[in-house]
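Engineer: let's see this in three dimensions:
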Amino acid sequence: MTAEVGQHSRFGEIRAVLFDLDGVLTPTVDIHVVAWSKLFEPFLAARGVVPSYSDDDYYRYIDGRPRIDGVRALLASRGIVLPEGTPDDSPLDETVWGLGLRKNDEFFRILDTVGVVPYPGSVAFLDATIASGRAVAVVSSSRNAVSVLIAAQLSEHFAIVVDGMVADATGLPGKPAPDTFVYAAELLGFTVAECAVIEDAHSGVQAARAGDFGLVVGVDRGVGAQGLYDSGADIVVSDLAELVTALSEPEISEPALSEPARSEPALTQPAHSTPTYPEGPRQ
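Structural biologist: Have a look, this model is predicted:
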């Protein structure tokens, strides 16, 4: 149906924008997809487990979740039980943490080889957001967010980064729970109603909706616009460049945006002004 776009934009009321990283600012989802495949294809094949691993498994069990939760979900989907292990395990260990660390080594091998260039439209929207006087933060399930931001030359834009390592250190549950987004809003000094969340994954959109954020924007990088609406997005775009002009308007007025019907679903970094970006362990 035709969208009443102005009713669902509300950028005029938004004072801060919380960005997911992989798939929103950077195309690192592609690297994650390959790295997970290189982990689970031989792992399942060696055990004769069927069905074999596919990219559908990534979007069903892994996308947007903390890495270890993704390992647990994929193993559970095949009825595989492994010891939990600890973050100090070796990537060669046959434990949940060992598999997670094995995947992480593969991710950095690919990242170091091919590098990462952020989406031009996302950079344009980020620059326009900052120029408009709105605060920004990154909220990512990845434990590698700072390293990716540095590689993409975006780290200087973000004083607040709430990633998987921060979630672990503060005891916050990861997406689809809203806690990491809520924490980022608190660090920036805004209520959730004053913050927009930009997400490309179902779990991230669900987290933002569960947190009752002022605006939930879905970026369709291939999961499907209707699915993002069903997960709780207010609007969905294919590129954040589509929203640049909305930042200077009280309401989005672009007729190209449409909104089909959707169903409602359902560091330690204390408050401070300028966190640092140590390389930290590659976990």
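Engineer: okay, strands next: where are they in the stretch 51-200 of the chain?
Structural biologist: 135-139, 161-162, 195-199 (DSSP state E, counting those that start in this stretch).
Engineer: just so I know, which of these lies nearest L154?
Structural biologist: Of all the strands of the stretch 51-200 of the chain, strand 135-139 sits nearest to L154, with 8.4 Å by CB to CB. In this view, the C-beta of every residue, glycine as well, is placed from N, C-alpha and C.
Engineer: so in that sheet, which strands flank the closest one, and in what orientation?
Structural biologist: According to DSSP bridges, strand 135-139 forms sheet pairs with strand 16-19 (parallel), strand 161-162 (parallel).
Engineer: got a markdown table for these, with mean neighbour count too?
Structural biologist: A markdown table is the format used below for these (neighbours: other CB atoms under 10 Å):
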| stretch | mean neighbour count |
| --- | --- |
| strand 16-19 | 26 |
| strand 161-162 | 25 |
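Engineer: mean pLDDT and distance to D63 for the ones you listed - can I get that in CSV?
Structural biologist: Formatted as CSV, these follow (pLDDT from 0 to 100; distance: least, CB to CB, whole Å):
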stretch, mean pLDDT, distance to D63
strand 16-19, 98, 16
strand 161-162, 98, 18
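Engineer: which stretch among those strands comes nearest P66?
Structural biologist: strand 161-162 (12.1 Å).
Engineer: the closest one: how far from the chain's middle?
Structural biologist: 11 Å (CA atoms, centre = their mean, to the nearest Å).
Engineer: which ones are touching T95?
Structural biologist: Residues near T95 by CB atoms under 8 Å, 6 or more residues apart in numbering: 82-85, 89.
Engineer: just to revisit the earlier point, single out the most deeply packed of the strands of the stretch 51-200 of the chain.
Structural biologist: When you average the neighbours per residue for each of these (mean count of other CB atoms under 10 Å), strand 195-199 leads with a mean of 28.
Engineer: so which of the strands paired with strand 135-139 is nearest F181?
Structural biologist: The closest of those to F181 is strand 16-19. By CB to CB, the value is 5.7 Å.
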